[in-house]
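What follows is a predicted structure for the sequence shown.
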Amino acid sequence: MKTTNLSALLFAGCCSLLPAPALALPSDSDQPIHIQADTADLDDKKGTAIYRGNVIITQGTLKITGHTVTLVQGKSGDVEYFKSVGNQAYYEQIPNEGDDLLKAWGNTIEYFMPRDTIVITDQAKVSQDGNTTRGEKITYNIKQEQVNVGRAQAGSVSQPEPRVHMVIQPKKKSGNSEQ
């Protein structure tokens with residue numbers, strides 16, 4: 001079934017500004033990071049940056065938006081965690097050369113680097129190449145290539161959605177298969 005591949009592509013490059021650039025379009029990590037927000041609170045001692053107010057972060061094909069975006073750096077200086085919150089936080093990126101744009105929405109999008117896990121909660125939706133996955137919560141472990149789509153913790157969603165919804169497009173047939 002194609003769902004694992006779709007999910008893998010969804011999260012594959014989830015942030016070249018994060019320390020997993022091999023999973024993203026290689027040129028993205030070489031691009032400057034642009035951040036727009038109404039306010040920014042930076043704490044070098046704690047290694048945190050909190051951007052508020054119509055936040056837009058771009059780097060190459062990567063785009064993250066939300067009302068509030070929090071980045072947390074580890075001791076090495078690499079980003080270890082990011083959280084985008086908003087009435088539909090948004091993430092997009094082209095994961096690999098030749099891939100279609102991957103898009104994800106949710107009221108909360110989190111990336112836990114040490115666990116190689118991305119969690120989209122509350123009206124979670126992922127879309128790429130006509131394939132879509134929706135649910136209250138989508139969790140993807142990148143290293144183990146495991147996806148869980150289903151219910152979120154009671155009270156943590158604005159609109160309960162008790163069932164998973166998926167659209168999986170048929171595989172494209174190659175033009176020269178008969179010779």
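Okay, I see it. Note that the structure is predicted; figures quoted are calculated from it, not measured.

can you give me the helices in this structure?
Ranges of helices within the chain are 3-11, based on DSSP state H.

Can you list the buried residues in stretch 159-178?
161, 164 (16 or more other Cβ atoms under 10 Å). (Glycine included, C-beta is placed from N, CA and C.)

swap that for stretch 30-42, sorry
Those would be 35, 37, for stretch 30-42 by 16+ other Cβ under 10 Å.

what about that stretch, start to end distance?
23 Å (Cα to Cα, to the nearest Å).

I'd like to check what contacts it. Which residues are they?
16-17, 48-60, 69 (Cβ atoms under 8 Å, 6 or more residues apart in numbering).

ok, Val157 - contacts?
So Val157 contacts 107, 121-123, 136-137 (Cβ under 8 Å, 6+ apart).

By neighbour count, which of those wins?
Glu136 (24 neighbours; other Cβ atoms under 10 Å).

Please look at that one and Ala154 and confirm they touch.
No - the criterion here is Cβ atoms under 8 Å, and Glu136 misses it with Ala154 at 10.2 Å.

now the strands for this structure?
34-36, 39-43, 48-59, 62-73, 79-93, 102-112, 117-128, 131-141, 146-150, 165-167 (DSSP state E).

Export those strands to JSON lines and append columns for mean pLDDT and distance to Ser158.
Listed next are the strands of the chain as JSON lines, based on pLDDT from 0 to 100; distance: least, Cβ to Cβ, whole Å:
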{"stretch": "strand 34-36", "mean pLDDT": "93", "distance to Ser158": "26"}
{"stretch": "strand 39-43", "mean pLDDT": "95", "distance to Ser158": "24"}
{"stretch": "strand 48-59", "mean pLDDT": "94", "distance to Ser158": "19"}
{"stretch": "strand 62-73", "mean pLDDT": "93", "distance to Ser158": "13"}
{"stretch": "strand 79-93", "mean pLDDT": "90", "distance to Ser158": "8"}
{"stretch": "strand 102-112", "mean pLDDT": "91", "distance to Ser158": "6"}
{"stretch": "strand 117-128", "mean pLDDT": "90", "distance to Ser158": "6"}
{"stretch": "strand 131-141", "mean pLDDT": "90", "distance to Ser158": "10"}
{"stretch": "strand 146-150", "mean pLDDT": "86", "distance to Ser158": "17"}
{"stretch": "strand 165-167", "mean pLDDT": "92", "distance to Ser158": "17"}
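
Who are the contact partners of the closest residue to Asn148 other than its chain neighbours?
Nearest residue to Asn148, sequence neighbours excluded (Cβ to Cβ, 6 or more residues apart in numbering): Thr139, at 4.6 Å. Neighbouring residues of Thr139 by Cβ under 8 Å, 6+ apart: 117-120, 147-149.
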